[in-house]
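> pasting the sequence and the predicted coordinates here, then a few questions.
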Amino acid sequence: MKIRNKTLNRLLAGFAARLLTVWLRTCRVEAYCEPGTSPFVGRLGEPGRPGVSGRLRGMPKEPAEPRTYGFYPFWHEWIVPSVFARPHAAGAGLISQHRDGGYLADAMTAVGLKTVRGSTSRGGAAAVRQILDECATLNVGITPDGPRGPRRELKPGVLFLASRTGRPIVPMAVACPSAWTLKGGWSVLVLPKPFSRVVFCAGPPLLLPRDADREELTAWRRRVETAIARQESRAGVIAHGDADPGTPTAERPDTADTADTADTADVLNPPDAGRPVRRAA
């Protein structure tokens, strides 16, 4: 049954958001990210937030170097921990203009996250403008296999946005060894159990060529999917109690002018790439 009353929808979304926020606050959240890329950096050091450092492990209170603001793709099934395992750094979410996306947009607004509505098939140009105008100092989360699937198949939207805005893609993954899985139409929804462990991993940022054409975006699609898979494997290893294996093959953005043609092998396999550092809260 669809509820068409916008005010009632907002109230229900706000209630659900608060409930999930309290739920996720019981979990032990860990992040293993490159310096300056953790989606949780920023609010950790705010006064008046007792107990935060005890719940969030491995997260620096301040970035070790200038923060990288980029796109954080994660699979649709991980929406709950990705959105509600607060506190976040300054962040926004790219939500489709599909009606079901309105419920998530209302929930994200209720917990203080900005929403950008649009996709490459509907409202894409407006989304690009809003990201450039309003999200200069915000990370933008996106589910690249949503809103209709197929599950875990990266659609070109995040690649298009990264290429047109010049912002990097930070491949992200989540793992939770103790969770309920709710089956939906084309995807599933993972709901961590209370007091469980939730592990976030993010790899080095990937910088796409400016105004990449369709062929270039197709090639980058495979690379981004591979980068997400590596972080997912890494998060799973950590979540089950083993040491952080690091990122097997580090990726980083090209440091040259993005208008120039880059050697993508050097971008994806730099000889001096360092291992991500875990920092104590």
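Arrived safely. Numbers count the residues shown, from 1 in each chain.

> by mean pLDDT, flag the weakest helix or strand of this structure.
The weakest-scoring helix or strand in the chain, judged by mean pLDDT, DSSP states H and E, is helix 264-268 (a mean of 31).

> would you mind measuring from residue 82 to residue 6?
25 Å (Cβ to Cβ, to the nearest Å). Where C-beta positions appear, they are placed from N, C-alpha and C, glycine not excepted.

> which of the two has more neighbours?
More crowded of residue 82 and residue 6, by other Cβ atoms under 10 Å: residue 82, with 24 against 10.

> ok, and the closest non-adjacent residue to that one?
Nearest non-adjacent residue to residue 82, counting by Cβ to Cβ, 6 or more residues apart in numbering: residue 74, 5.3 Å away.

> give me the number of residues near the one you found?
26.

> does residue 224 belong to a helix, a strand or coil?
Three-state assignment for residue 224 (DSSP: H, G, I helix; E, B strand; the rest coil): helix.

> tell me the pLDDT of residue 14.
On pLDDT, residue 14 comes in at 83.

> do the same with residue 159
Looking at residue 159, its pLDDT stands at 93.

> so it: helix, strand or coil?
Following three-state DSSP, we place residue 159 in the helix state.

> how near is residue 30 to residue 239?
8 Å.

> quick one: common contacting residues for these two?
197, 198, 199 (Cβ atoms under 8 Å, 6 or more residues apart in numbering).

> of these, closest to residue 95?
Closest approach to residue 95 among the shared contacts of residue 30 and residue 239 (Cβ to Cβ): residue 198, at 22.1 Å.

> pLDDT below threshold where in the chain?
1-5, 41-68, 86-89, 97-101, 118-124, 248-281 (pLDDT under 70).

> that one: strands as residue ranges?
28-32, 56-57, 71-73, 91-95, 114-117, 139-142, 172-175, 179-183, 188-192, 197-202 (DSSP state E).

> now tabulate those strands in CSV and tack on distance to residue 21 and mean neighbour count.
Formatted as CSV, these follow (distance: least, Cβ to Cβ, whole Å; neighbours: other Cβ atoms under 10 Å):
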stretch, distance to residue 21, mean neighbour count
strand 28-32, 12, 22
strand 56-57, 14, 20
strand 71-73, 19, 26
strand 91-95, 14, 24
strand 114-117, 16, 18
strand 139-142, 16, 24
strand 172-175, 16, 26
strand 179-183, 17, 12
strand 188-192, 13, 19
strand 197-202, 13, 26
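
> what's the closest of those strands to residue 40?
Going by Cβ to Cβ, the one of these nearest residue 40 is strand 28-32, 5.5 Å.
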